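A.B. asks: Show me the folded form of this:
(one chain, ligands or ions: 1)
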Amino acid sequence: MKMAGKTVLITGSTDGVGRYVAAELAGQGSRVLIHGRDAMRAKALIEEISRGGHAAPIFYQADLSSLAGVRELAGAVAADHSRLDVFISNAGIGSMNGGPERRVSADGHELRFAVNYLSGFLLAYLLLPLIKAAAPARIVNVASLGQHPIDFDDVMITRNYSGSRAYAQSKLAQIMFTVDLAEELKSAGVTVNSLHPATYMNTTMVRAGGITPVSTVQEGGAATLHLATGDDVAGKSGLFFNGMREARANPQAYDAAARKRLRKLSLELTGLAG
Ligand SMILES: NC(=O)c1ccc[n+]([C@@H]2O[C@H](COP(=O)([O-])OP(=O)(O)OC[C@H]3O[C@@H](n4cnc5c(N)ncnc54)[C@H](OP(=O)(O)O)[C@@H]3O)[C@@H](O)[C@H]2O)c1
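C.D. replies: Next up is the predicted model:
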């Protein structure tokens, strides 16, 4: 897909792989909407892209650990733009960011589930009118190979909590949502895919886990850009990719009853139900 003139929103683009993807798309002539919590990190990216002779990205500041913050972000984007050709839901926290212990969001939801999954769920629905207006358009959910099935009796993981289980549950939830949303949008000209960008890239969340990186942000960025812009995936939807290749996710992703439960719960938790 030719990206010049296309409008692209990338959440979590003040750091890591999202930052790389934002710079690449700006280099291809896209109108890039960047997002994060930290205005100074955003300023540094804007200056870097501008120095390269490309159109300065527009920064939207929002903390996605609050559903009100998500709604404000969607409102600000919708106030400024009438179409969104590509939405990359990339922001996230790892299993160790801020420590491995259980924490809750502003709305009282388990934090990794809230930031990594629920915020992207709500944002996708709030931005859907803009995304549909740009059809053929794409949604890319940046998930992971780290996937843990959801225990519907304890979605907020009040028992046997671990940061890695919470992270992996949130990532599988993103993949389950991808399958459902793709089905919902199949006649709207909007494709939805998810991916594991690369394993242990050299990013803040990996370093926070004390893990030695084994791949680069360029690798993960290329896989994300492939789903966002690749001609070979233009008609593909509802799929999970491991890097550049289509792959199978955890079996729960293909369990229609589990997806239905997750969808019902997510609509309720985000206030979208009814
Ligand atoms: N790194 C890997 O090896 C790897 C592997 C598989 C999947 N992934 C996935 O790739 C995506 C990007 O990860 P990364 O490694 O690039 O991470 P990163 O370098 O830690 O960057 C995370 C981004 O998310 C933003 N963010 C975090 N918490 C937020 C919140 N509460 N509200 C708003 N923004 C928030 C950060 O913004 P601030 O600048 O404000 O902190 C930052 O821009 C994640 O979804 C991750 O799960 C990564």
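
A.B. asks: Enumerate the residues of the stretch 1-150 of the chain near the ligand.
C.D. replies: 12-18, 36-38, 41, 63-65, 90-93, 115, 142, 144 (Cβ under 6 Å from any ligand atom). C-beta here means a position set from N, CA and C on the backbone, and glycine is covered the same way.

A.B. asks: Can you tell me which of these end up in strands?
C.D. replies: Counting by DSSP state E, those place G36, V142 in strands.

A.B. asks: Pull out the buried residues from the residues of the stretch 1-150 of the chain next to the ligand.
C.D. replies: Among those, the ones that count as buried by 16 or more other Cβ atoms under 10 Å are 12-18, 36-37, 41, 63-65, 90-93, 115, 142, 144.

A.B. asks: Show only the entries of those found in helices.
C.D. replies: Among these, DSSP state H puts G16, V17, G18, R41 in helices.

A.B. asks: where's the nearest residue to R263 once chain neighbours are set aside relative to the ligand, distance?
C.D. replies: Of all residues not flanking R263 in the chain, D180 sits nearest, at 5.7 Å (Cβ to Cβ, 6 or more residues apart in numbering). Per Cβ to the nearest ligand atom, to the nearest Å, D180 is found 19 Å from the ligand.

A.B. asks: try F240
C.D. replies: 12 Å.

A.B. asks: what pairs with that residue across the strands?
C.D. replies: Taking DSSP bridges as the rule, F240 bridges to S194, A247.

A.B. asks: Per-residue pLDDT of it, please?
C.D. replies: You'll see F240 listed with a pLDDT of 99.

A.B. asks: Let me see the ranges of the helices in the stretch 151-274 of the chain.
C.D. replies: 163-184, 204-208, 217-229, 256-270 (DSSP state H, counting those that start in this stretch).

A.B. asks: Run through the neighbouring helices and strands of the last one.
C.D. replies: Based on contacts counted as 3 or more Cβ pairs under 8 Å, 6 or more residues apart in numbering; DSSP states H and E, the elements that helix 256-270 packs against are helix 119-133, helix 163-184.

A.B. asks: Please list all residues in contact with the nearest residue to N116 once chain neighbours are set aside.
C.D. replies: Nearest residue to N116, sequence neighbours excluded (Cβ to Cβ, 6+ apart): S170, at 3.6 Å. Neighbour list for S170: G92, R112, F113, V115, N116, Y117 [criterion: Cβ atoms under 8 Å, 6 or more residues apart in numbering].

A.B. asks: that older thread, got a markdown table for the ones in helices among the buried ones among the residues of the stretch 1-150 of the chain next to the ligand, with pLDDT too?
C.D. replies: Rendered in a markdown table, the data for these read as follows (pLDDT from 0 to 100):
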| residue | pLDDT |
| --- | --- |
| G16 | 98 |
| V17 | 98 |
| G18 | 98 |
| R41 | 98 |
